[in-house]
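1. What shape does this take:
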Amino acid sequence: SIVINLETAKNLLNKRTYSGVFVVTYDQTLNDAVSKLISNKYEGLRVITPSVITSTINQVFGGINLFLSAIAIVSLLVAVIGIVTTLYTSVMERTREIGILKSIGFKNSDILLLFLYEAMIFGVVGSFLGTLLGFLLGYVLLSFGTIGFGTNSASSTMQARFGGAAYAMAVNITPYYDISTVALFNLIAVLFSIIAGIYPAYKA
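-> Residues are numbered from 1 along each chain as shown. Just a heads-up that it's a prediction; the model follows:
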């Protein structure tokens, strides 16, 4: 920031109007009350509070999260189809082996469990490798440091929201790993693998 005499600034910049006025409250809990007070006193004046900026940023990142979630769902469906086709092919190729197992006393339920265990192993190995890759990509993300918002889509959204004013900012991205969430998604991956193995196991 540059602190300068008001008259000097007007002469130096050759301006007689203001592009904006910053109002600083001594307590952030007063922001909303002061914002309402200013809006009521000066009709037609656009008042932007930190909470409005935060909500806009959250909307931008919410869209990104939605896109990533869609990719995750498609990936999950592709994985399930892959497991079904792999195990079904395995069943077709191992018909003789299944026959030998049944001839030495294996029951239908034993054969079913055998292929379900195989599907579960797919899920355990796949989720472990996926989690490991996720952690590695998180550390790669750290090497980028900060992400700046200038002329990209995030800035365009903010300019539209704030009446064409340009706001430049840099966001620090630090990967956060919640162990309980990681464990839950690994469990879901294994569960889907077992579900995907039910039909091939039944055919076996």
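2. for this structure, what's the longest helix?
-> helix 50-93 (DSSP state H).
3. Packing partners of that one?
-> helix 31-41, helix 108-142, helix 153-161, helix 179-196, helix 198-203 (3 or more CB pairs under 8 Å, 6 or more residues apart in numbering; DSSP states H and E). C-betas here are computed from N, CA, C, even on glycine.
4. can I get these in TSV with mean neighbour count and distance to Arg16?
-> Shown next, in TSV, are the helices and strands packed on helix 50-93 (neighbours: other CB atoms under 10 Å; distance: least, CB to CB, whole Å):
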stretch	mean neighbour count	distance to Arg16
helix 31-41	13	22
helix 108-142	14	47
helix 153-161	16	25
helix 179-196	15	56
helix 198-203	16	76
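5. least reliable of the ones you listed going by mean pLDDT?
-> Lowest mean pLDDT of the helices and strands packed on helix 50-93: helix 153-161, a mean of 49.
6. distance between stretch 84-99 and the chain's centre?
-> 38 Å (CA atoms, centre = their mean, to the nearest Å).
7. Could you list the residues in contact with that stretch?
-> For stretch 84-99, the surrounding residues in contact (CB atoms under 8 Å, 6 or more residues apart in numbering) are 111, 115, 118-119, 122, 196-197, 199-201, 203-204.
8. tell me the SS of Ile48?
-> Following DSSP: H, G, I helix; E, B strand; the rest coil, the label given to Ile48 is coil.
9. how many other residues sit next to it?
-> Here the number of neighbours of Ile48 (other CB atoms under 10 Å) works out to 16.
10. So for it, what's the pLDDT?
-> On pLDDT, Ile48 comes in at 87.
11. And it, how far from Thr56?
-> Applying CB to CB, to the nearest Å, the value for Ile48 to Thr56 is 9 Å.
12. related to what we said a few turns ago, wait, which of the contacts of stretch 84-99 is closest to Ala183?
-> Closest to Ala183 out of the contacts of stretch 84-99 is Phe122 (18.4 Å), distances taken as CB to CB.
13. wait, isn't that closest one in contact with Ile195?
-> No - judged on CB atoms under 8 Å, Phe122 makes no contact with Ile195 at a distance of 11.7 Å.
14. and the gap between Leu13 and Ser1?
-> Relative to Ser1, and taking CB to CB, Leu13 is found at 15 Å.
15. between the two, which one's more packed in?
-> Leu13 (9 against 4).
16. I'd like to know how far that one sits from Tyr42.
-> Leu13 is 23 Å from Tyr42, by CB to CB.
17. if we can go back for a sec, could you dump the helices and strands packed on helix 50-93 to TSV with distance to Arg94?
-> Output for the helices and strands packed on helix 50-93, formatted as TSV (distance: least, CB to CB, whole Å):
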stretch	distance to Arg94
helix 31-41	68
helix 108-142	9
helix 153-161	52
helix 179-196	18
helix 198-203	11
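18. and Ile81, which of these is closest to it?
-> helix 179-196 (7.8 Å).
19. now for the closest one, which elements pack on it?
-> When contacts are defined as 3+ CB pairs under 8 Å, 6+ apart, helix 179-196 packs onto helix 50-93, helix 108-142.
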